[in-house]
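# Please find the sequence and the predicted model below.
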Amino acid sequence: MSIALLLPSPVMTQKPSSITSPPRGFGSSSSRLLQVSCVTKNPSRNNNVTCNNFRPIKEVNNQITHTIPQEKLEIFKSMENWAETTLLPYLKPVEDSWQPQDFLPAPETDDAFYDQVREIRERTREIPDDYFVVLVGDMITEEALPTYQTTLNTLDGVKDETGGSLSPWAVWIRAWTAEENRHGDLLNKYLYLCGRVDMRHVERTIQYLIGSGMVSIR
């Protein structure tokens, strides 16, 4: 699967309209110029459209179900105390971590919210499309976080065997996933509020990407 960033020709910069209370056309994709779409290139295409939409980009023969031999499993097992005392302390407590809402308009009051959204749209009005291509690509990869966690949990010796394992490796995987989740949330909301991106195309691409999975090279 390839991610195609499609810009109209000639390229034009979307000029966000002013916002009233409530903002007119907010969330509409009809006025967006920067579009992102997902193009599947699966050679085994058949009439089963639903199946094809979520097939990996290529078939993988002789898939490995065990990633490391037993002696290496024992090494990771022997390192659990080290991981718990040395690795896990680097995880920042949730209450001390920034959250997406720290950088976004506060929704508690209508007037302040609309003013802050208007400011975002005014500040992003002159940003070139090239910058939004980068932001969209970054956000799409951030939103594929479920794929990365799934991949980590295929690795023998560190995977989360139960979904809530107390193994330090499993604790780290879940905590890392939770930390990374903030990045996609912030970018998604920012791109939505700025009014410069066709969010429905972006959302389709994310669904294709997660549904297709990822084959790790070992």
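Perfect, thanks for sending it.
# Show me what the longest helix along the chain is packed against.
When the chain is parsed with DSSP state H, its longest helix is helix 168-194. Applying 3 or more Cβ pairs under 8 Å, 6 or more residues apart in numbering; DSSP states H and E, one finds that helix 168-194 makes contact with helix 110-124, helix 129-143, helix 145-152, helix 199-212. In this view, the C-beta of every residue, glycine as well, is placed from N, C-alpha and C.
# again, only using 7 Å
If contacts are counted by 3 or more Cβ pairs under 7 Å, 6 or more residues apart in numbering; DSSP states H and E, helix 168-194 sits against helix 110-124, helix 129-143, helix 145-152.
# would TSV of those with mean neighbour count and distance to residue 88 be doable?
Listed next are the helices and strands packed on helix 168-194 as TSV, based on neighbours: other Cβ atoms under 10 Å; distance: least, Cβ to Cβ, whole Å:
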stretch	mean neighbour count	distance to residue 88
helix 110-124	15	37
helix 129-143	18	23
helix 145-152	16	16
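# and the angle for the longest helix of the chain with helix 199-212?
Calculated by axes from the mean of the first three to the mean of the last three Cα atoms, to 10 degrees, helix 168-194 forms an angle of 160 degrees with helix 199-212.
# buried residues in helix 168-194?
Buried positions in helix 168-194, judged by neighbour count with 16 or more other Cβ atoms under 10 Å: 168-174, 177, 181-194.
# In this structure residue 136 contacts residue 201, no?
No: counting by Cβ atoms under 7 Å, residue 201 is not a contact partner of residue 136; they are 9.1 Å apart.
# Quick one: find the helix or strand in the chain with the lowest mean pLDDT.
Ranking every helix and strand in the chain by mean pLDDT, DSSP states H and E puts strand 2-6 at the bottom, with a mean of 39.
# Save the helices and strands packed on helix 168-194 as a markdown table, and put in mean pLDDT and distance to residue 80 too.
Output for the helices and strands packed on helix 168-194, formatted as a markdown table (pLDDT from 0 to 100; distance: least, Cβ to Cβ, whole Å):
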| stretch | mean pLDDT | distance to residue 80 |
| --- | --- | --- |
| helix 110-124 | 94 | 46 |
| helix 129-143 | 96 | 29 |
| helix 145-152 | 95 | 16 |
